[in-house]
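K.L.:
Below are the sequence and a predicted model; questions follow.
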Amino acid sequence: MDTYDYSFKIIVLGDKMVGKSSLIGRLTGNTFNEKTAGTIGFGFHLRDIEIGTKKIKLQLWDTAGEERFMSLTRTYFRDAHGVLFVFDINQPNTFQSVCNTWIREFEEKGSTDASMILIGNKCDLETRTDPSEIELLRDRHLLDYIETSAKDYINVEEALVALVAQCLQKA
Ligand code: GDP
């Protein structure tokens, strides 16, 4: 695709080791890498997508989930059209981090009309997160919720399409 109807910046927020890089790897055509040892630093990957008749260029940003690092990077949040909030369904503390850190951090530093999706990753593993708590968070922030597995490539593309469709509605 040479020309685009839209260009969106998408960021991925969540604790380290929840699978952010693995999800982005899937979305940008890399294979799943079992040995990834958590992300160091940040950068973005490009991805083209077509939804209906619209051609969209995506910048998919990836970063480490460390607060001391994130506090340095207001620019990471700024101008984001869409956010994927990711937790590991097998690690309830990573869900608590989305509630207590990542959403708050984004609300403070990001755009108020950004589109947001909540992702429970690692759905190939046992769920240990309380569904009623997920429901509460969804209601409070009007979030769509999708369970994915970067490992087994379940719902990964669907989550991105859902987010970009929301971005398009607001564009
Ligand atoms: P990040 O720090 O959030 O970017 O997380 P990574 O993408 O580096 O993944 C952290 C670890 O979780 C790695 O060992 C991955 O292989 C593993 N992982 C990522 N996604 C999945 C998944 O969907 N299922 C399972 N079982 N493991 C995953």
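P.N.:
Here it is on my side, so go on.
K.L.:
Report the central residue of this protein.
P.N.:
Closest residue to the average C-alpha location of the chain: Leu84 at 2.1 Å, with C-alpha atoms, centre = their mean.
K.L.:
tell me which element it is part of?
P.N.:
Using DSSP states H and E, Leu84 falls within strand 82-88.
K.L.:
Neighbouring strands - and their directions - for that strand?
P.N.:
When pairs are called by DSSP bridges, strand 82-88 turns out to pair with strand 6-13 (parallel), strand 115-121 (parallel).
K.L.:
Pick the most deeply packed of the ones you listed.
P.N.:
Most buried of the strands paired with strand 82-88, by mean neighbour count (mean count of other C-beta atoms under 10 Å): strand 115-121, with a mean of 25. (Glycine included, C-beta is placed from N, CA and C.)
K.L.:
Say whether the ligand is contacted by that strand.
P.N.:
Yes - Strand 115-121 reaches the ligand (C-beta under 6 Å from any ligand atom) through Asn121.
K.L.:
so after the lowest-mean-pLDDT helix or strand in the chain, what's the next helix or strand?
P.N.:
Lowest by mean pLDDT, DSSP states H and E among the helices and strands of the chain is helix 67-70, with a mean of 52. Counting by DSSP H and E, the next helix or strand C-terminal to helix 67-70 is helix 74-77.
K.L.:
helices and strands around that following helix, which ones?
P.N.:
Judged by 3 or more C-beta pairs under 8 Å, 6 or more residues apart in numbering; DSSP states H and E, the packing partners of helix 74-77 are helix 103-109.
K.L.:
for the record, mean pLDDT for stretch 101-116?
P.N.:
Averaged over stretch 101-116, pLDDT sits at 91.
K.L.:
Next, the buried residues of it.
P.N.:
Buried residues in stretch 101-116, counting neighbours by 16 or more other C-beta atoms under 10 Å, are found at Thr101, Trp102, Ile103, Glu105, Phe106, Lys109, Gly110, Ser111, Ala114, Ser115, Met116.
K.L.:
Let me know how buried Lys54 is, in neighbour terms.
P.N.:
Lys54 is flanked by 14 other residues according to other C-beta atoms under 10 Å.
K.L.:
Which residues are in contact with the spatially closest residue to it that is not a sequence neighbour?
P.N.:
If you skip the residues right next to it in sequence, Lys54 has Asp5 as its closest partner in space, 4.6 Å away by C-beta to C-beta, 6 or more residues apart in numbering. Neighbouring residues of Asp5 by C-beta atoms under 8 Å, 6 or more residues apart in numbering: Lys54, Lys55, Ile56.
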